[in-house]
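K.L.:
Pasted the sequence and its predicted model underneath.
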There are 2 protein chains.
Amino acid sequence: MFAALGDPTRLALVTKLCAGGPSSIARLTDGAGVSRQAVSKHLRALSAAELVRCTRLGREQIYELEPRRLEAARQCLERISHEWDLALGRLEAFVEAADS
Amino acid sequence: MFAALGDPTRLALVTKLCAGGPSSIARLTDGAGVSRQAVSKHLRALSAAELVRCTRLGREQIYELEPRRLEAARQCLERISHEWDLALGRLEAFVEAADS
DNA sequence: AATTCAAGCAACTAAAGGGTTGCATATCGT
DNA sequence: ACGATATGCAACCCTTTAGTTGCTTGAATT
């Protein structure tokens, strides 16, 4: 998942979907600074990571954030965040021990 | 930062530093499954992302988590997590609107 | 039926990334 | 001083990946 979000273009796409809601490839391509195929590939990558879902609507392909997986990812982030908190706590303890 | 954590080896390194506290390259290499050079490179990458800091101690190079930056990263994760929360809320609203 | 617009597929290029090996350097212990 | 140890540096390889272009398919529109 970190890998999926590691690419700036993909992160921008997620942000865009976050802000603008579901939209087609063409619309997502707008302002992305890369070709439509590039965007399409990235969306497929995000789809493979299950961060995003797509449904066909007429001749358009509508991409949207995947709620379930996204919620899981969110919880994962919080877990890591929490672990880091603990680690930071230990680091402080270290420093204090060194001072004394 | 996502990119920095996107590689499994690097994520493992961070986890290890998280669990075991500051340690040398040699110790971090232990059980990493790749060569010392590889580990060294990854640590430099993490260092470039400022997720990690290193200080020389005799002939050893001691790497440790970077508290300040890590705290910033943690807050960033929480912010994103929060934004996703909002987005998920909007998605639900969407669905309900579609149902009605 | 003809045109237009959204997207897919395939082939290709260029660059980055992860990995290794070999050799050099500096420090520690004896 | 000497051998062992911890690391750095450089060159190289291989795979992945981000990106492009050209052509095709299929639905909308008129």
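P.N.:
Okay, I see it.

K.L.:
Can you confirm whether the top helix by length along chain A lies near chain B?
P.N.:
Of all segments of type helix in chain A, defined using DSSP state H, the longest is helix A:67-99. Yes: shown here: helix A:67-99 in contact with chain B (C-beta under 8 Å from any C-beta of the partner chain) through A:67, A:70-71, A:73-74, A:77-78, A:80-81, A:83-85, A:87-88, A:90-92, A:94. Where you see a C-beta, it was placed from the backbone N, CA and C, and this is true even at glycine.

K.L.:
Please identify the helix or strand for the residue nearest to A:Leu65 when sequence neighbours are not counted.
P.N.:
Among residues not flanking A:Leu65 along the chain, A:Leu17 sits closest, at 5.3 Å (C-beta to C-beta, 6 or more residues apart in numbering or on different chains). Assigned by DSSP states H and E, A:Leu17 belongs to helix A:8-20.

K.L.:
Output the contacting helices and strands for that helix.
P.N.:
When contacts are defined as 3 or more C-beta pairs under 8 Å, 6 or more residues apart in numbering or on different chains; DSSP states H and E, helix A:8-20 packs onto helix A:2-6, helix A:25-29, helix A:36-48, strand A:60-65, helix B:67-99.

K.L.:
how about 10 Å then?
P.N.:
helix A:2-6, helix A:25-29, helix A:36-48, strand A:52-57, strand A:60-65, helix B:2-6, helix B:67-99 (3 or more C-beta pairs under 10 Å, 6 or more residues apart in numbering or on different chains; DSSP states H and E).

K.L.:
and it with DNA strand C, contact?
P.N.:
No: Helix A:8-20 is not in contact with DNA strand C by C-beta under 7 Å from any atom of the strand; minimum separation 10.9 Å.

K.L.:
And that helix, how far out from the chain middle?
P.N.:
With C-alpha atoms, centre = their mean, to the nearest Å as the basis, helix A:8-20 stands 8 Å off its chain's centre.

K.L.:
who wins for proximity to DNA strand D among the helices and strands packed on helix A:8-20?
P.N.:
Proximity to DNA strand D (C-beta to the nearest atom of the strand) singles out helix A:36-48 among these, at 3.6 Å.

K.L.:
okay, the angle between the closest one and helix A:8-20?
P.N.:
80 degrees (axes from the mean of the first three to the mean of the last three C-alpha atoms, to 10 degrees).

K.L.:
What mean pLDDT does helix A:36-48 get?
P.N.:
Helix A:36-48 comes out with an average pLDDT of 97.

K.L.:
That one packs against which elements?
P.N.:
Using 3+ C-beta pairs under 10 Å, 6+ apart, helix A:36-48 is in contact with helix A:2-6, helix A:8-20, helix A:25-29, strand A:52-57, strand A:60-65.
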